[in-house]
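# following is a predicted model, sequence given first.
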Amino acid sequence: MRFESKQQLSGAVRMWSINHNREFRVIESKSNTWFAKCKSSIERTPSTSSYPPCDWCVRAVKKKTHGMWQITKWVNDHNCLGDMIRNNNTSLTASVISRHILRSIEDDPGLKVKNILSFVKENLKVDVSYKKAWYARRTMVEWSHHSDSLDRIKTFKYVFWAFGPAIEAFHMCRPVICVDGTHLRGEYKGKLLVAVTQDANNKILPISYAIVDEETISSWSWFMEQLRYNVALDRHPICVIPSAVWRHESSSALTRSRG
């Protein structure tokens, strides 16, 4: 089999493992090679050491002739006790779940975590934790298109995104946000808007991003609206600091500490 990218390759192996209730570990992942083995052959315990290690493995290489990833070795069957493990396959990650529930989230942004658990159980035959299902739901992406866009042809205007772990971490940080924008370089022009905060160790934590055409009242208002609704809905009040003030205060604090 051939795949256009390493991500597509690993995704196919992951879905095969989920469908067969098996788990694997990536042993080697380089620019031109990818190798994975059965999890049980790596994480052997005293209770399983008396059994021979599982032979299942898969190896793929990126061929120079056609530039695609091609599977060069595939052991189709497991000879381990994988069928006896609990039905909580670690191959089913939050990102995999998010791809399966994306359409449901679009239809119902308020989709409850318990419904996601039921969906995964029914369609993928895997039991997952509440936390994993919550992470799958909490990666937010919002799009805004030009008003002259057609139903089947959308003209890009704005996009906002925030990652689930960052959203959760923000609720344990100070209710202070710094916002800033910068130019995008390269083939596609535009502006990148970012909101960051500081954790308890005074480390910078990026919490949300947006790509817009220009820094205008409209684009900044849209960004702040998405930030409030998708990241900080249950936190009030919040102090928002422009980047210039943030840099000035950080510089002053550094000068005082050196003095």
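Perfect, thanks for sending it. Numbers count the residues shown, from 1 in each chain.

# just the pLDDT for residue 22.
Model confidence at residue 22, given as pLDDT, is 86.

# go on, residue 148?
For residue 148, the pLDDT comes out at 62.

# try residue 94
79.

# do residue 109 as well
With respect to pLDDT, residue 109 scores 69.

# run a quick neighbour tally on residue 185.
For residue 185, the neighbour count with other CB atoms under 10 Å is 7. In this view, the C-beta of every residue, glycine as well, is placed from N, C-alpha and C.

# list the contacts of the most centrally placed residue in the chain.
The centre of the chain sits closest to residue 95, judged by CA atoms, centre = their mean, with a distance of 5.5 Å. Under the criterion of CB atoms under 8 Å, 6 or more residues apart in numbering, the neighbours of residue 95 are 136, 139.

# then the strand or helix carrying it to PDB, C-alphas only?
For residue 95, the element it lies in under DSSP states H and E is helix 94-107. What follows is helix 94-107, C-alpha atoms only, in PDB (Å, rounded to 0.1, in the frame of the first residue of the first chain):
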ATOM      1  CA  ALA A  94      -8.500  12.400  21.200                       C
ATOM      2  CA  SER A  95      -7.400  13.700  17.700                       C
ATOM      3  CA  VAL A  96      -8.800  10.600  16.100                       C
ATOM      4  CA  ILE A  97     -12.100  11.000  18.000                       C
ATOM      5  CA  SER A  98     -12.300  14.600  17.000                       C
ATOM      6  CA  ARG A  99     -12.200  13.700  13.300                       C
ATOM      7  CA  HIS A 100     -15.100  11.300  13.800                       C
ATOM      8  CA  ILE A 101     -17.300  13.700  15.700                       C
ATOM      9  CA  LEU A 102     -16.500  16.800  13.600                       C
ATOM     10  CA  ARG A 103     -19.800  16.700  11.600                       C
ATOM     11  CA  SER A 104     -21.800  16.100  14.800                       C
ATOM     12  CA  ILE A 105     -20.100  19.100  16.500                       C
ATOM     13  CA  GLU A 106     -20.900  21.300  13.400                       C
ATOM     14  CA  ASP A 107     -24.500  20.300  13.600                       C
END
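
# what residues sit buried inside it?
For helix 94-107, burial by neighbour count (16 or more other CB atoms under 10 Å) applies to 94, 96-98, 101, 105.

# tell me which of those residues is nearest to residue 118?
Checking those against residue 118 by CB to CB gives residue 101 as the nearest, at 11.1 Å.

# for the closest residue in space to that closest one that isn't next to it in sequence, grab phi and psi.
Closest residue in space to residue 101, ignoring its immediate chain neighbours: residue 116 at 5.8 Å, by CB to CB, 6 or more residues apart in numbering. With angles defined as degrees, to the nearest 10, residue 116 sits at phi -70, psi -40.

# ok, residue 201 to residue 235 distance?
Look at residue 201 and residue 235: by CB to CB, to the nearest Å, they are 20 Å apart.

# compare those two (neighbour count), which wins?
With neighbours defined as other CB under 10 Å, residue 201 and residue 235 compare such that residue 235 has more, 13 against 5.
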